[in-house]
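K.L.:
pasting the sequence and the predicted coordinates here, then a few questions.
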Amino acid sequence: MSFENLSIEREGAVAILTINRPAVLNALNTRTLDELGRAILELTHDETIRAVLLTGAGEKSFVAGADINELAVQSPTGGREHAIRGQHVLDLIEHMGKPVIAAINGYALGGGCELAMACTLRMAADTARLGQPEVNLGIIPGYAGTQRLARIVGKGRALELLLSGDQISAQEAHRLGLVNRLVPAAELMAEARKLAATLAAKAPIAIRYILDAVNSGLEMPSAQAQVFEATLFGLVASTDDMREGTAAFLEKRKPAFKGR
Ligand code: COA
């Protein structure tokens, strides 16, 4: 599959997906969002890929938001469709059943911060800047940023960021829990690759069920979510990987998981 504004590199079981519009700080226009959706679907169905690393091209930016040239001329119905399309693509990331690590190499603003929040984990360069500046443009987030930000950092902190529109440093984002790990900029990609490779070596079905138990479970009443967790716990007992993982522990060796 070929893309104009994205590149996919495969390194063993890890796919490195790079948003590639550096002249506009990797802003997400409609074409880029569509390409991202297609790439995620392709990687979801590719059994050789067990983890994804998402980053932005160039030194300066992860993604500096939705493309403001498109926002400036949108109609009410077009705006609604745009938001639904963006939400759908980000949902594909959250629900792909594989860990997706955002390697935040610079600005992650607006749709860029929303994109990072749809990823499983966020690792940021110490030079990165994050924020939801939509209010400064007279608009609001439309790729579920109002929802994911509040779930990740809590309602009070989310409202402060959303209402002020302020950019925050990677250090502050780490302190708030918006970013899982903070690393020196020069080490970002090496560290993100290392983390992706570590996660890619885990039991893929267990990884998928953990993601599902947390993502779907958070949308259910707790008692129902616990029944869901127990059902998935029972289901993994049917896998070769459970037998391999437990046997490897008892035989004092490393497990080799096959995703079966
Ligand atoms: N959409 C479209 N173009 C964008 C963009 C976006 N979200 N963000 C940056 N660009 C473009 C700029 O217009 C500029 O284009 P030009 O060279 O043709 O003038 C180019 O990318 C470089 O950006 P510039 O603003 O010159 O870089 P900077 O280092 O001075 O500032 C930012 C960097 C990220 C602070 C600034 O670009 C910015 O505020 N971007 C918009 C962020 C935003 O509001 N995002 C949310 C959108 S909902």
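P.N.:
Ah, there it is. Numbering: from 1, shown residues only.

K.L.:
give the buried residues for stretch 19-32.
P.N.:
Buried residues in stretch 19-32, counted by 16 or more other C-beta atoms under 10 Å: 19-21, 24-29, 32. For glycine as for every other residue, the C-beta is placed from the backbone atoms N, C-alpha and C.

K.L.:
ignore what I typed, I meant stretch 226-241.
P.N.:
228-229, 232, 236, 239, 241.

K.L.:
of those residues, closest to H174?
P.N.:
H174 has its nearest neighbour among the buried residues of stretch 226-241 in E229, at 28.9 Å by C-beta to C-beta.

K.L.:
which stretch of helix or strand covers the closest residue to the closest one other than its chain neighbours?
P.N.:
Distances taken as C-beta to C-beta, 6 or more residues apart in numbering place A213 nearest to E229, at 4.8 Å, with adjacent residues excluded. Element membership for A213 (DSSP states H and E) is helix 204-217.

K.L.:
and the average pLDDT for that helix is what?
P.N.:
What helix 204-217 shows for mean pLDDT is 97.

K.L.:
what is it packed up against?
P.N.:
Packing partners of helix 204-217 (3 or more C-beta pairs under 8 Å, 6 or more residues apart in numbering; DSSP states H and E): helix 222-236, helix 240-250.

K.L.:
in contact with P133, which residues?
P.N.:
65, 109-110, 165-167 (C-beta atoms under 8 Å, 6 or more residues apart in numbering).

K.L.:
give me that answer again for 6 Å
P.N.:
109-110, 165 (C-beta atoms under 6 Å, 6 or more residues apart in numbering).

K.L.:
which among those count as buried?
P.N.:
Neighbour-count burial (16+ other C-beta under 10 Å) is assigned, among these, to 109-110.

K.L.:
take the contacts of P133 and lay them out in CSV including pLDDT, secondary structure and distance to A13.
P.N.:
CSV is the format used below for those (pLDDT from 0 to 100; DSSP: H, G, I helix; E, B strand; the rest coil; distance: C-beta to C-beta, whole Å):
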residue, pLDDT, secondary structure, distance to A13
L109, 98, strand, 31
G110, 98, coil, 32
G165, 98, coil, 39
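
K.L.:
want to throw the contacts of P133 into CSV with distance to P255?
P.N.:
Supplementary listing: those in CSV, determined by distance: C-beta to C-beta, whole Å:
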residue, distance to P255
L109, 41
G110, 42
G165, 47
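
K.L.:
picking that back up, give me the subset of the buried residues of stretch 19-32 touching the ligand.
P.N.:
24-25, 27 (C-beta under 6 Å from any ligand atom).

K.L.:
which one of the helices and strands packed on helix 204-217 lies nearest to A186?
P.N.:
helix 240-250 (35.6 Å).

K.L.:
report the buried residues of the closest one.
P.N.:
Neighbour counts over helix 240-250 (16+ other C-beta under 10 Å) mark 241-242, 244-245 as buried.

K.L.:
which residues does that helix contact?
P.N.:
Contacts to helix 240-250, defined as C-beta under 6 Å, 6+ apart, come from residues 203, 205, 236, 255, 257, 260.

K.L.:
how close does the third one get to I205?
P.N.:
In other words, V236. 6 Å (C-beta to C-beta, to the nearest Å).

K.L.:
coming back round to it: now, which of the buried residues of stretch 226-241 sits nearest the ligand?
P.N.:
Comparing the buried residues of stretch 226-241 against the ligand with C-beta to the nearest ligand atom places F228 closest, at 35.0 Å.

K.L.:
OK, contacts around the closest one?
P.N.:
Counting by C-beta under 6 Å, 6+ apart, F228 makes contact with G217.
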